[in-house]
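Peer 1: Predicted model, plus sequence, below.
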Amino acid sequence: YSMWHRRQSLPLRNEPYSTIAGFVLMAWALYKGWVMADYDAFIRIQPFFLCLGLGLWASSAKHVIAYRQGLAILLVLALPEGLFAQGIDHVINISELAAQSTTTLLWYLGFEVTREGVFVLLPTGGIEVYRGCSGLKAMVELFRLALIFLVMVPTTLWEKLVVPWVAISLAYGVNVIRLVVMTPLAAAAQQDAFHYWHEGEG
């Protein structure tokens with residue numbers, strides 16, 4: 001979408017080696033996607049290879065830099081959540097922060113709640129907020145969508161700063177509400193309802 005709007009300014013060059021390399025790269029990426037029977041991590045990096053191949057094919061290796069915006073976004077989308085999670089974990093413990101927020105919200109709702117590290121406890125039971133349950137994955141995904149939005153939609157500097165924070169806050173807030181729902185269900189041993197919110201459709 002970004003390249004289509006910039007198509008008039010993109011340099012078009014015909015250089016044999018780059019053209020062949022771009023064609024081979026695009027054909028290989030399409031073939032890999034075509035023969036994929038089950039989910040494969042390659043599907044995340046495939047758009048990056050297609051964009052790089054298109055740049056090489058249409059504009060040559062010397063001018064592929066003109067596609068840097070699209071390539072950068074596609075690379076950010078391709079990086080696994082684990083890399084982001086490790087980086088964020090070095091700065092802030094999201095699991096403990098989510099446990100604190102859950103405890104606070106339950107306390108305001110009138111529950112007799114305590115917290116021990118990442119454990120949110122009611123008198124009859126509770127939950128452990130480990131990294132997979134902290135909402136980190138949802139925060140990373142919404143942050144990526146916010147980046148795509150900022151590339152596709154003209155925005156002011158203020159909006160460029162606000163949109164990613166709103167995306168992250170939304171994912172965090174919705175996950176805390178989910179944890180607040182799960183805690184009394186775990187304490188009441190309502191396993192079916194708990195699993196609905198923990199791993200299922202909830």
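Peer 2: Good, I have the coordinates.
Peer 1: got the end-to-end distance for stretch 27-46?
Peer 2: 11 Å (CA to CA, to the nearest Å).
Peer 1: Of all residues in this protein, which one is nearest the centre?
Peer 2: What sits nearest the mean C-alpha location of the chain, by CA atoms, centre = their mean, is residue 141, with 2.0 Å.
Peer 1: Remind me what the longest helix along the chain packs against, helices and strands.
Peer 2: What stands out as the longest helix in the chain, according to DSSP state H, is helix 157-187. Applying 3 or more CB pairs under 8 Å, 6 or more residues apart in numbering; DSSP states H and E, we find helix 157-187 packed against helix 94-108, strand 119-122, strand 125-128, helix 136-152, helix 191-198. Where you see a C-beta, it was placed from the backbone N, CA and C, and this is true even at glycine.
Peer 1: Could you dump those into JSON lines with distance to residue 29 added?
Peer 2: Below are the helices and strands packed on helix 157-187 laid out as JSON lines (distance: least, CB to CB, whole Å):
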{"stretch": "helix 94-108", "distance to residue 29": "34"}
{"stretch": "strand 119-122", "distance to residue 29": "45"}
{"stretch": "strand 125-128", "distance to residue 29": "41"}
{"stretch": "helix 136-152", "distance to residue 29": "20"}
{"stretch": "helix 191-198", "distance to residue 29": "36"}
